[in-house]
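# Build me a model from this:
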Amino acid sequence: MSEFLVAKPGARRSRRRTVLEWGCLLGLVLSVVLSVAVFRYQDACRAVCRDTLRLHILANSDTIEDQLLKLKVRDAVLGEMETILQGSTDKIQAVEAVRQALPVFQQIAERTLRREHSDQAVAVRLETADFPARDYGSFRLPAGEYTALRIELGAAAGHNWFCVLYPELCVGTSEGRYPGAAENALVFGGYEVRFALWDSARAAWQKMSGR
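Residues are numbered from 1 along each chain as shown. Got it, this is the predicted structure:
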């Protein structure tokens, strides 16, 4: 005669309670891991914004002529930028060098426009402004508040062009880098938010729940 062992109701309740407690614990651990990962990502984004000096050129309009003028001004400005930024070892020094050279950029832009027989006005200034996230192909910048050299041509109502002056990612053939490893990984690729405990937690949950 076969005998069947039947689990007592109290044992089943105890097992379910254990599974529930472990599930809550694992959920808490995953929440902590997620919070830490998000905090580190946000910290890297803030560091990139803090250590970046951007160039922002706004065309008069979206006509082909005005867009070509914008690019000619860009080339002329970048042609002088390597000399102006020479010796800048951090963003603060780069900003100060650009600040002192604002009259030079004004003259460069005006001279370029006049050479192209354009009477558009030019406005040049340093500003702090919000920028959206942007992918430049070889690198990408997160959204945030950046310091930028802003050059407005005419009504400044056309599509703009912007890039990075410091680190020198758009100046000559230089290959600028950020001071922090997380910043470089975020901008140039390779930054991953890893959930190392996720697979382990899921496996443990499946084992405890009998799945």
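
# Pop the domain breakdown of this structure in here.
9-45+192-209, 53-177 (automatic domain parsing).

# helix or strand right after the helix or strand containing residue 126?
Assigned by DSSP states H and E, residue 126 belongs to strand 122-131. As assigned by DSSP H and E, the chain's next helix or strand after strand 122-131 is strand 134-135.

# What strands line up against that next one, and which way round?
As defined by DSSP bridges, the strand partners of strand 134-135 come to strand 140-141 (antiparallel).

# average pLDDT across the partner strand?
Strand 140-141 shows a mean pLDDT of 91.

# now do stretch 171-182
Mean predicted lDDT for stretch 171-182 stands at 79.

# Going by neighbour count, which residues of it are buried?
171, 176, 178, 182 (16 or more other CB atoms under 10 Å). Bear in mind the C-beta positions are built from the backbone N, C-alpha and C, glycine included.

# now it: how far from the chain's centre is it?
14 Å (CA atoms, centre = their mean, to the nearest Å).

# And for stretch 47-67?
16 Å.

# I'd like the average pLDDT over that stretch.
96.

# Same check on stretch 157-167?
For stretch 157-167, the per-residue pLDDT averages 92.

# Touching that stretch from outside, list them.
The set of residues external to stretch 157-167 that reach it, using CB atoms under 8 Å, 6 or more residues apart in numbering, is 51-63, 66-67, 70-71, 74, 81, 85, 88, 91, 94-95, 98, 131, 134, 136, 139, 141, 148-149, 169-171, 176-178.

# Send me that stretch as CSV with only the CA atoms.
Taking Å, rounded to 0.1, in the frame of the first residue of the first chain, the C-alpha atoms of stretch 157-167 are listed here in CSV:
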residue,chain,number,x,y,z
ALA,A,157,16.4,82.5,-37.4
GLY,A,158,17.9,79.7,-39.4
HIS,A,159,19.2,76.2,-38.5
ASN,A,160,22.2,76.4,-36.2
TRP,A,161,25.5,74.6,-36.0
PHE,A,162,27.2,73.6,-32.8
CYS,A,163,30.1,71.6,-31.6
VAL,A,164,32.6,71.4,-28.8
LEU,A,165,35.5,73.8,-28.4
TYR,A,166,36.8,72.3,-25.1
PRO,A,167,37.8,69.5,-25.0
